[in-house]
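Student: below: sequence and its predicted model.
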Amino acid sequence: MRLKGAVSAIALAAMAGTLGACSVNVAGNEQVAATPTPAPQDGWVQFRDGFIEGWFKLDPANAVYQGRHDFDGQLPDWSAAGLKRESEFLHQAIDRAGRFGDSLNPKETFERDYLVKVAQGKLFWLEDADQPHTNPAYYVGGGLDPNVYIARPYADAPTRMKAVIAFMTLIPTAAKNIRANLKTPMPLSFVNYGVAGFNGFADYYAGDAKAAFAGVKDAKLQAQLDTAAQQASDAMRSLGTWLDGQRKTATQGYALGADRFSRMLAATEAVGIPLDELEKVGQADLKRNQDALVAACAQFAKGMTIPACIAKMNANKAPDGPVAEARRQIPELRQFVVDKDLVTIPGTEEAKVEESPPYNRQNSAYIDPPGPFDKGIPSVYYISPPDPAWDQATRNAFVPGKKDLLFTSVHEVMPGHFVQFLHANRSPYKIGRLFVGYAFAEGWAHYAEEMMWDAGLDNGDPETHIGQLSNALLRDCRFLSAIGLHARGMTQEQSRQMFVTQCYQDEGNARQQAARGTYDPAYLNYTMGKLMIKKLREDWTAAHAGQAPIKAFHDEFLSYGGPPIPLVRQMMLKEPTAQAMF
């Protein structure tokens with residue numbers, strides 16, 4: 001999965017400053033000044049809350065995603081001036097947060113450090129990686145998706161329909177800014193991603209998004225929606241067509257480079273260990289999971305090769321498809337979590353399972369969880385069908401076997417992202433409720449897969465273990481591919497081969513994952529986050545003389561919301577500084 005953000009659905013938003021931060025308003029014809037960030041003398045709570053409000057004005061799409069529907073229908077200002085305001089805003093927020101010095105209590109200090117890391121991470125993507133000018137993923141996952149108005153029943157249909165009309169009215173201006181910002185030539189994988197995303201939105205705006213409100217009996221609103229949807233669709237189609245025309249000059253220049261890749265890890269996840277050391281960590285985990293796979297296959301498919309063993313596991317598919325199978329799996333997984341007393345499942349919210357929309361099928365599955373300001377709204381766990389352009393054998397192989405899908409359901413729902421966001425939305429830290437980081441979210445969900453197997457899911461069944469290991473190996477190859485593609489000169493084809501030969505992924509998934517690594521260099525966060533959580537649990541358990549139950553560790557870990565894991569480690573172990581440990 002990827003939560004809502006740079007690629008499909010997580011890397012949520014951040015920050016504030018005393019400047020004229022602006023966003024396009026619902027009418028689309030004026031600018032609204034942001035609330036200035038209070039100075040430190042106003043107190044930490046006032047500073048933090050002003051920061052949040054200021055950021056929401058800069059990124060109203062994120063505010064809506066968090067459940068702040070007073071921002072409905074608005075989009076970020078992606079003009080050159082708007083991007084400059086974001087940059088100034090984040091720099092000033094970091095500077096002013098630092099002026100609190102030692103005046104804060106420990107919980108406020110933690111939240112201050114959390115806020116600063118979110119701002120630093122935002123600035124990395126905005127300035128150092130320069131994604132607004134180089135990477136269509138910045139926009140595809142950055143506010144163009146109106147699904148929040150369609151999939152979340154936070155208000156009646158006419159109210160949400162008006163928000164969609166306002167949203168779509170702004171799309172032509174947004175498309176012009178995107179077109180002005182994106183520089184060419186760009187890497188072919190970026191072109192492919194952007195074309196699929198922009199054209200997918202064009203189809204969605206004029207198709208399913210409009211059809212979702214067909215039951216609203218208001219002729220005036222229907223006419224407004226028809227006009228706005230068609231104009232929005234045309235604007236996205238034009239953008240997709242323009243980008244498609246860039247294929248003839250496309251490059252393979254996707255790499256961040258080793259130095260910038262290291263800066264990414266430090267800025268976004270507070271991980272500062274040398275890349276050579278980090279690469280060895282990933283290689284060791286790959287070897288550990290490969291050895292476990294050999295042992296499991298010796299039980300499940302004696303005498304078969306590893307690829308044949310994986311194929312046998314994946315051949316056991318649900319006859320009515322993965323969406324129906326996932327709907328059966330979730331209540332069973334929930335009961336297992338309860339019976340084993342693994343983690344608290346707060347609230348009464350539900351997770352629905354649906355097929356992912358055509359514009360967002362870059363990954364096989366993901367979840368869209370509601371934000372903390374939306375109450376009682378279900379999450380939606382999306383599962384993607386295979387690409388119809390693939391040959392039949394590749395399409396068949398892409399559909400997961402039951403046990404492979406089981407751990408995807410663990411990851412996305414129970415007790416992965418769904419449970420994690422139930423906790424995050426109730427975090428005692430306001431910053432934690434709103435800014436859930438990549439390594440925390442994906443690290444927890446991936447950690448949950450192995451934790452569930454270790455807890456006895458399916459009572460040691462080797463086929464089930466192979467399903468868990470297949471998912472673990474996928475993330476190991478993401479880890480090594482991210483470093484390889486961006487710091488070691490690895491080609492996209494070499495990445496694809498690694499996914500197939502070292503991690504035993506099917507051809508369709510291997511193609512997707514190799515491409516994703518070029519435009520999502522942080523997708524090593526699944527394994528990196530998991531390994532930091534495992535080490536933290538080991539050290540936390542030792543500090544409690546091995547007596548504290550695993551549920552206590554999980555509940556405390558999740559209570560922090562979603563900061564860089566070294567900050568959680570510092571709090572849970574009362575260490576003097578935040579450090580990454582594997």
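Tutor: It's in.
Student: quick one: low-confidence parts of this protein?
Tutor: Filtered on pLDDT under 70, the chain yields the residue ranges 1-42, 359, 362-363.
Student: any idea where the strands of it begin and end?
Tutor: Counting by DSSP state E, the chain has strands at residues 22-24, 31-33, 351-355, 365-368, 379-383.
Student: got the phi and psi for Asn105?
Tutor: Main-chain torsions, Asn105, degrees, to the nearest 10: phi -80, psi 170.
Student: try Arg426
Tutor: phi -110, psi 10.
Student: His486 touches Phe261, doesn't it?
Tutor: Yes. At 4.6 Å, His486 and Phe261 qualify as touching, with contact defined as Cβ atoms under 8 Å. Where you see a C-beta, it was placed from the backbone N, CA and C, and this is true even at glycine.
Student: what's the overlap in contacts for the two?
Tutor: Applying Cβ atoms under 8 Å, 6 or more residues apart in numbering, one finds that His486 and Phe261 are jointly contacted by Pro521.
Student: can you get me a residue count around the closest residue to Asp341 other than its chain neighbours?
Tutor: Counting by Cβ to Cβ, 6 or more residues apart in numbering, Lys551 is the residue found nearest to Asp341 once chain neighbours are left out, at 5.3 Å. By the criterion of other Cβ atoms under 10 Å, Lys551 has 14 neighbours.
Student: distance check, Lys551 against Ala351.
Tutor: 20 Å (Cβ to Cβ, to the nearest Å).
Student: OK, contacts around the residue nearest to Asp341?
Tutor: 341-344.
Student: next, format those as TSV and append neighbour count and distance to Leu182.
Tutor: Conversion of the contacts of Lys551 to TSV gives the following (neighbours: other Cβ atoms under 10 Å; distance: Cβ to Cβ, whole Å):
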residue	neighbour count	distance to Leu182
Asp341	11	50
Leu342	21	45
Val343	25	42
Thr344	19	45
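Student: the helices in the stretch 351-500 of the chain, which residues?
Tutor: Secondary structure of the stretch 351-500 of the chain by DSSP state H, counting those that start in this stretch: the helices cover 392-398, 402-412, 417-424, 430-434, 438-454, 462-487, 492-501.
Student: name the helices or strands packed onto the second one?
Tutor: Pointing back at helix 402-412 there. Counting contacts by 3 or more Cβ pairs under 8 Å, 6 or more residues apart in numbering; DSSP states H and E, helix 402-412 is packed against helix 306-315, helix 322-340, strand 365-368, strand 379-383, helix 438-454, helix 462-487.
Student: try the fifth one
Tutor: Taking 3+ Cβ pairs under 8 Å, 6+ apart as contact, the helices and strands that helix 438-454 lies on are helix 258-269, helix 322-340, helix 402-412, helix 417-424, helix 462-487, helix 525-543, helix 550-559, helix 565-573.
Student: out of those helices, nearest to Val216?
Tutor: Ranking these by proximity to Val216 (Cβ to Cβ) places helix 322-340 first, at 27.1 Å.
Student: do you know how far Met571 is from Thr109?
Tutor: Following Cβ to Cβ, the distance that separates Met571 from Thr109 is 10 Å.
Student: which one's more surrounded, these two?
Tutor: Comparing Met571 with Thr109 by other Cβ under 10 Å, the one with more neighbours is Met571, at 21 against 17.
Student: residues contacting the nearest residue to the more buried one once chain neighbours are set aside?
Tutor: Using Cβ to Cβ, 6+ apart and skipping the chain neighbours, the partner closest in space to Met571 is Phe110 (5.7 Å). Neighbour list for Phe110: 429, 560, 563, 567, 570-571 [criterion: Cβ under 8 Å, 6+ apart].
Student: highest neighbour count among those residues?
Tutor: That'd be Pro563 among those, by other Cβ under 10 Å, with 29 neighbours.
Student: that one and Leu115 touch, don't they?
Tutor: No. With contact defined as Cβ under 8 Å, Pro563 does not reach Leu115; the gap is 9.3 Å.
Student: now Ile150: closest residue in space, sequence neighbours ignored.
Tutor: Nearest one to Ile150, counting by Cβ to Cβ, 6+ apart, is Ala212 at 4.6 Å.
Student: was I right about that neighbour contacting Asn147?
Tutor: No. Under the contact definition of Cβ under 8 Å, Ala212 does not touch Asn147, with a separation of 9.5 Å.
Student: what lies in contact with stretch 285-295?
Tutor: 306, 309, 465-466, 469-470, 472-473, 476-477, 479-480, 502-504, 527, 531.
Student: rerun at 6 Å
Tutor: 469, 472-473, 476 (Cβ atoms under 6 Å, 6 or more residues apart in numbering).
Student: among those residues, which two are most distant?
Tutor: The largest separation in the contacts of stretch 285-295, counting by Cβ to Cβ, is between Leu469 and Asp476 at 9.9 Å.
Student: so which of the two has more stuff around it?
Tutor: Leu469 (31 against 28).
Student: can you give me the neighbour number for Lys287?
Tutor: Lys287 has 11 nearby residues by other Cβ under 10 Å.
Student: for Ala472, see how far away it is.
Tutor: Distance from Lys287 to Ala472, by Cβ to Cβ: 12 Å.
Student: try Leu278
Tutor: Using Cβ to Cβ, Leu278 is found at 18 Å from Ala472.
Student: more neighbours: those two, which one.
Tutor: Ala472 (26 against 23).
Student: nearest residue to Leu405 other than its sequence neighbours?
Tutor: Pro322 (5.3 Å).
Student: for that neighbour, give me its contacts.
Tutor: 383, 400, 405.
Student: same check, this time on Gly282
Tutor: Counting by Cβ under 6 Å, 6+ apart, Gly282 has contacts 479-480.
Student: and what of Arg395?
Tutor: Pro386.
Student: same check on Gly253?
Tutor: Gly253 neighbours (Cβ under 6 Å, 6+ apart): Pro187.
Student: now with 8 Å?
Tutor: So Gly253 contacts 186-187 (Cβ under 8 Å, 6+ apart).
Student: likewise for Glu450?
Tutor: For Glu450, the contact set (Cβ under 8 Å, 6+ apart) comprises 468, 472, 530, 534.
Student: which one of those residues is nearest to Leu188?
Tutor: Of the contacts of Glu450, the one sitting nearest to Leu188 (Cβ to Cβ) turns out to be Ala472, at 29.7 Å.
Student: quick one: Leu573 from Pro566, how far?
Tutor: Leu573 is 11 Å from Pro566, where distance means Cβ to Cβ.
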